[in-house]
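> Here's my sequence, what's the structure:
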Amino acid sequence: MLGHSHAVSGALLFAAAAPHLPPVLTGGPLGPGDILMGTVLCAGAALLPDLDHHDSTLAHVLGPVSRGLCRLVGRLSGGHRHATHSLLFAALAGAGSWVGIARLGRGFTLGLAFCLLALAMHALHPHPAGRGVAGWTVPTGLAVLGTAGLDTRLPNAPHWLPCAVTLGVLAHLLGDCLTKRGIPLFWPHGRHCGIVLIKRTGNGVETKFLVPLMTIATFVLLWWAAFPPTPPMT
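Okay, the predicted model is just below:
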C-alpha cells in the first residue's frame with residue numbers, strides 16, 4: 001500500500017478504537033481532543049513499519065537523514081517486509097513508547113509527537129508534493145508548529161500515546177496483508193500471511209475505493225466522538 005493509504009488507515013483505526021480502549025491503557029476516558037490528537041499521531045505511526053525501505057514515504061520525511069536510517073534498518077532487519085512487518089515489532093513499538101514516556105518524561109513525549117506528526121504531514125499531503133528539499137522541509141516545519149501546539153495540550157505522560165503507536169503499526173500490517181506479497185506476521189517465523197485484495201500498490205481498488213471509504217469513515221467517527229448522541233430520556 002502507498003504511504004498515504006497507510007496513514008489514512010491508521011487514523012481510521014484509532015478513531016474507531018479510541019472510545020472503546022480500556023481505561024487501564026489510556027489513563028481514563030478519552031475526550032474529543034485526545035481522540036483528535038491520537039488520530040493524527042496514529043496516522044504517522046502507521047508508517048513506522050516501512051523503516052526497512054530506503055524509498056518509502058518515511059524515508060523521505062527528513063531527507064538524507066531518514067533515507068540513511070531506513071537503509072540501516074533494512075539491512076539489520078533482513079530487508080523490506082521482514083522484522084518490522086510483524087506482530088513482534090508492533091509490540092516492541094508500543095512497549096518502547098510506553099517506557100520512553102514513563103522514564104524519559106516530557107522531552108521524549110514531545111520528540112515522539114514531533115516524529116509522528118512529521119510522518120503524518122508527509123503522508124497526508126497538506127503541502128506541495130515533491131521529494132526535493134521543499135518536499136521534506138515543509139512537512140517538517142508543519143510538524144514543528146504542530147508540536148508547539150501539542151505542547152500546551154499534551155499531559156506529561158499521555159497514556160493513550162503508546163496505544164496510538166501500536167494501533168498505527170497494526171493498521172500498516174493489516175493493510176500490507178491485503179497485498180499480493182503479504183507479510184511475515186509471526187516473524188521470525190518466515191511464512192507470509194495475506195489475503196490478496198490489492199494486486200498492485202496504488203491500483204484503483206486502493207486509491208479510488210479503499211482510501212475514500214476510509215477517509216469518510218474516519219471523519220464520521222471523529223464527529224461521533226466529538227458529538228456523541230444523547231441517550232433518549234426515559
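> Show the low-confidence segments of this protein, by residue range.
126-136, 230-234 (pLDDT under 70).
> now with 80?
Scanning the chain with the threshold set as pLDDT under 80 gives 1, 60-63, 125-140, 155-157, 190, 194, 196-203, 205, 226-234.
> show me where it has helices.
With DSSP state H as the criterion, the chain has helices at 3-17, 23-26, 32-45, 64-77, 87-104, 106-124, 133-151, 160-177, 204, 211-226.
> name the helices or strands packed onto the fifth one?
Contact partners of helix 87-104 among helices and strands, from 3 or more C-beta pairs under 8 Å, 6 or more residues apart in numbering; DSSP states H and E: helix 106-124, helix 160-177. Yep, even glycine has a C-beta here, placed from its N, CA and C like the rest.
> Compare those and give me the one nearest Ala217.
helix 160-177 (12.7 Å; C-beta to C-beta).
> count of neighbours near Leu150?
18 (other C-beta atoms under 10 Å).
> Dump the helices and strands packed on helix 87-104 to JSON lines, plus distance to Gly141 and mean neighbour count.
Shown next, in JSON lines, are the helices and strands packed on helix 87-104 (distance: least, C-beta to C-beta, whole Å; neighbours: other C-beta atoms under 10 Å):
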{"stretch": "helix 106-124", "distance to Gly141": "9", "mean neighbour count": "21"}
{"stretch": "helix 160-177", "distance to Gly141": "22", "mean neighbour count": "26"}
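> nearest to Gly28, of the ones you listed?
helix 160-177 (9.2 Å).
> what's the angle from that closest one to helix 32-45?
40 degrees (axes from the mean of the first three to the mean of the last three C-alpha atoms, to 10 degrees).
> so Cys163 touches Gly38, yeah?
Yes - taking contacts as C-beta atoms under 8 Å, Cys163 lies within contact range of Gly38: 7.5 Å.
> Need the helices and strands packed on helix 87-104 in CSV (columns: distance to His20).
Formatted as CSV, these follow (distance: least, C-beta to C-beta, whole Å):
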stretch, distance to His20
helix 106-124, 22
helix 160-177, 11
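> Quick one: closest of those to Trp224.
Using C-beta to C-beta, the nearest of the helices and strands packed on helix 87-104 to Trp224 is helix 160-177, at 17.5 Å.
> so what secondary structure elements neighbour that closest one?
helix 3-17, helix 23-26, helix 32-45, helix 87-104, helix 106-124.
> mind checking which of those helices is nearest Leu58?
Leu58 sits nearest to helix 106-124 of all these, at 6.2 Å, using C-beta to C-beta.
> Which secondary structure elements does the closest one sit against?
Contacts defined by 3+ C-beta pairs under 8 Å, 6+ apart place helix 106-124 against helix 3-17, helix 32-45, helix 87-104, helix 133-151, helix 160-177.
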